[in-house]
Structures are given as structure tokens and as C-alpha cells.
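Make a model of this:
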Amino acid sequence: MQTNKSVAELAAEVKASFVGHQRQTDARLDDIEQKLARAGGGGAGAGGNVQSWGREFIEAKADGLADLRQNRGRMALHLKAALTSTTGAGMLVPARDMVVGMPKRRLAIRDLLTRVNVSSGSVEYPNVTSRPTAADMVAEGAVKPESSMEIEMATAAIRTIAHWIPASLQVLDDAPQLQSLIDDELRYGLALKEESQLLFGDGTGQNLSGMVTEATAFSNPIADTETNMIDQIGAAILQAALTEVPVDGVVINPVDWWRMRLLKDDEGKYILGDPGSDIPPVLFGLPVVPTQAMLVDKFLVGGFASQTLYDRWEARVEVSTEHSDFFTRNLMAIRAEERIGLAVKRPEALIYGDFGNVT
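Residues are numbered from 1 along each chain as shown. Model (predicted):
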């Protein structure tokens, strides 16, 4: 049965329906706002950071409430924040791995020498050039023979090895591991130059007088026995041993070590051991130091412990902004420096030779 309603009654029902729908919409929006507030946001505002989408939605709700009521719970919202790696929400954060450094050579020449710490700019040491050898058999009551001994003072100058690089204060602050990397690389640069000087310094200017420069040239003391590289090293060891200075090492290039390691006998067997064996670099009981600091086809054999390395300053790294306009540019100078001296006290016990065409 149909009930006739007046215009006033119909209007009241429509108004009640609209108010109920509006309350439901407001409740949903309040619920969304509370959830966004609990989840946090990318944060914008006073700091100048880019606003997140959630924050823009919350702020836009108040301005668009009138439109929301007029359009039965619908509201258009234009989001200005772009989703990028710089968005305040920080959704894309790059991972940072360890710094990839450059390969480093094994540095072993320093370890062969006797090391002494000093505190002066030069070191004097007495060098015996002639020993008393007139001792003889003497009859009872006879005059004893007189001997003589000559000693001269030798001097080892202390030389400086140094270098530096400029660096940004911001870079070092932002990546603390770079500080240790730079320190390590600068020290390694000093060590490379030191090793070169210990071997090949020519003694001129600020150069050390290196062991190769002071060494005795190879001359096989046993003729007609040299047949391959291993035999040549053995002959050089003998030459050094005949000086009566203890022989304690062999320095060669890695290329030459592997040429010897790959030598085979007439039956095709490896002379220094099977490929499946872990063969340490040793020849005739002496440690072999394969290093690229030594030239290919060259070798240095002898008594390294009889030579002395003087450490005045061990390698150190210092930082300063007192360089030109570095202070105003937020730059710093990082300097590495060491001071050393070398005394080749037994040059006759260092034998320097050339493999040449020997196999």
C-alpha cells in the first residue's frame, strides 16, 4: 500500500540521508589521518625537505573538505612529490660496499736487512779495511811479529722520502674509511720508492747508494759448470760464500723464479718438484724473494743481514690546512714522509748478475 508523503517529509529524509553519508565519510577520513600519523612520513616543511605523499594528503584534506561535501565523498588531490632517491621518505637508499683498492706488490727487501733506529741526520761507523795478519810461530825468547790494522770512518747519510695529496674536508667527513685508505696508500707509495732506492739508488743527489750499485759483479768461480739458471744461482751463492760473509738470500724477478720452477729434466719431470706440490721459493737452502722490484733476467745474491738500514723517521702521515688557500676552500694537505739511510757494509758479499741467455 502506497503512502503519500508530503514534500516536507521527502526533504527531511533526503537531508537525513546526506548527513549520515557525510558522517561516514568524515569517519573514514579521520581513520586514514590517524593511520598516516602513526606510520610517520617523509616529513616536509621548515627544513625544506620534499613532502611525502601522505603528508600532502593530510594537508590537502582540510582545504578540500568543502569540495568533498559537495561531491558526495569524492575529492581530487594533485600530488606534487616525485618518487625519487631524494624523496624524504627515503625509500631508495644505496648500499655502500668496501673501497676497492689497487693491487699491491709484496715488499720484502727491507725485511732482509739489519735495521737500526737512529736520531741524527747521518750515521758514522768504523769500517775495518785491513786486519792484523802477521801472526806466526815464535820460538822461545824470540821477538814476536808485529801486526797492523787499518780502520776508516764511513758515513751513511739519512735521506727523506715524501709525497702529499690534496683532499676535501667534506669527503673525509662523509666517508671516514677514506681517511684510513689514504693513509695506507700514501705509506705504500713511500714503501715502493724505498724498495727501489734500497736496490738501485745511485748515490747521487738525495738518492741512497743501493745494494745493486755497490754489489760485486757475478763471476763464476767454477768454470764450465753453468748449464741453467739454477746452476747460475748456485755459482753466485758460492762466490758470495767465498768472502766468508754468511749468505742468506736470493732476490730475483717473479718471471725468473717461474722460469726456474718450470724447468724439466730429460725425462720431462719438473726439476724443482711436481706441479701438484706446494714448492716454497727456496734454492740451495736459501730463501728466494721474487719481487718485481728486481729487473727481469737479473739476480742479487748474498749476505743481506750484513747490510744496515737506518730508520730516522718511520713512515708517518700528517694533515694540515696551512697550504696556500686550502683553509678557505675546505681542503687539506695529507703528507706522508719517512727518513732512512743505508750502509752497504759488505759490498763484496752481494753478487749481482745477469741470467742472459741461460735457460
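
For the rest of this, base every contact and every neighbour count on C-alpha atoms.
OK.

ranges for the helices of this structure?
Taking DSSP state H as the criterion, the chain contains helices spanning 7-39, 53-63, 65-70, 109-112, 169-174, 177-200, 211-214, 229-241, 254-261.

domain parsing for the protein?
Structurally, the chain divides into domains by automatic domain parsing as follows: 10-70, 109-129+151-354.

where are the low-confidence patches of the protein?
Within the chain, the stretches with pLDDT under 70 are 1-15, 17-21, 33-99, 174-176, 224-226, 357, 359.

one more time with 90, if that's ok
1-107, 126-133, 151, 165-185, 222-227, 277-279, 317-334, 356-359 (pLDDT under 90).

coming back round to it: of all the domains of the chain, which one is nearest residue 138?
Across the domains of the chain, residue 138 has its closest neighbour in domain 109-129+151-354 (26.5 Å, C-alpha to C-alpha).

start to end distance for the closest one?
Here the two ends of domain 109-129+151-354 are set 19 Å apart, with distance taken as C-alpha to C-alpha, to the nearest Å.

going forward can the numbers begin at 52, since that is how I track them
All set: I'll call the first residue 52, so the last point we hit is now domain 160-180+202-405.

re the thing from before, output the domains of the chain as a markdown table; include the columns distance to residue 186 and mean neighbour count.
Formatted as a markdown table, the entries for those read as follows, by distance: least, C-alpha to C-alpha, whole Å; neighbours: other C-alpha atoms under 10 Å:
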| stretch | distance to residue 186 | mean neighbour count |
| --- | --- | --- |
| domain 61-121 | 94 | 14 |
| domain 160-180+202-405 | 18 | 17 |
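
In TSV, list the ones you listed along with distance to residue 191.
Output for the domains of the chain, formatted as TSV (distance: least, C-alpha to C-alpha, whole Å):
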stretch	distance to residue 191
domain 61-121	107
domain 160-180+202-405	32
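
Can you say which of these is nearest to residue 152?
It's domain 160-180+202-405; of the domains of the chain, that one is closest to residue 152 (C-alpha to C-alpha) at 8.2 Å.

one step back: the domains of the chain: which one's closest to residue 195?
Residue 195 lies closest, by C-alpha to C-alpha, to one member of those: domain 160-180+202-405, at 22.8 Å.

Off-centre distance for the closest one?
Average the C-alpha atoms of domain 160-180+202-405, do the same for its chain, and the two points are 18 Å apart (C-alpha atoms, centre = their mean, to the nearest Å).
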